[in-house]
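Novice: Kindly return the folded structure for what I paste below:
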Amino acid sequence: MANSKIEIEATVNSDINKVWKYWTEPEHITKWNFASDDWCCPSAENDLRVGAKFSWRMEAKDGSFGFDFWGIYDEINQNKKIAYTLGDGRKAVTTFEDLGDKTKVKTLFDPENQNPVEMQKGGWQAILNNFKKHVEEN
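Specialist: Down below sits the predicted model:
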């Protein structure tokens with residue numbers, strides 16, 4: 001199980017251009033990049049180029065815990081695919097499928113070994129669900 005990737009997905013009721021913009025622009029990332037309402041993403045930096053870095057600050061709203069979620073881009077194919085290597089060496093790939101007035105967003109990622117797979121899948125899926133909600137409401 002340690003080597004199998006975790007997959008999450010959501011179909012966003014929006015066109016591909018808006019979905020891509022909201023996924024990649026820091027002013028939008030800070031509005032959706034957290035798993036629950038007691039967390040926030042106070043800052044995000046995103047240099048969307050192969051070999052360049054992204055860094056998103058994730059914090060509990062009560063100040064009890066926080067961390068930087070960061071990585072280096074391995075592949076970028078506008079409106080189709082973003083692949084990256086996280087700071088701890090794990091790989092992740094997010095694909096965007098244009099369905100006309102909807103967009104399917106799917107992420108495949110290597111699990112870390114600190115937390116149960118179901119917990120990791122749940123956390124990443126919650127963030128993706130938050131993304132979907134942000135796009136659809138704005």
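
Novice: residues contacting the nearest residue to Leu128 once chain neighbours are set aside?
Specialist: Excluding its sequence neighbours, the residue lying closest to Leu128 (Cβ to Cβ, 6 or more residues apart in numbering) is Ala10, at 4.9 Å. Glycine gets a C-beta too; all of them are placed from N, C-alpha and C. Ala10 is in contact with 104-105, 125, 128-129, 131-132, counting by Cβ atoms under 8 Å, 6 or more residues apart in numbering.

Novice: How far does the longest helix seen in the chain sit from its chain's centre?
Specialist: In the chain, ranked by residue count with DSSP state H as the criterion, the top helix is helix 117-137. A distance of 8 Å separates the centroid of the chain from that of helix 117-137, by Cα atoms, centre = their mean, to the nearest Å.

Novice: what's in contact with it?
Specialist: Contact with helix 117-137 is made by 1, 6, 8-14, 18-19, 22-23, 28, 31-36, 105, 107, 109, 111-112, as judged by Cβ under 8 Å, 6+ apart.

Novice: In the longest strand along the chain, which residues are buried?
Specialist: Ranked by residue count and defined by DSSP state E, the top strand of the chain is strand 66-77. Buried residues in strand 66-77, counted by 16 or more other Cβ atoms under 10 Å: 71, 73, 76.
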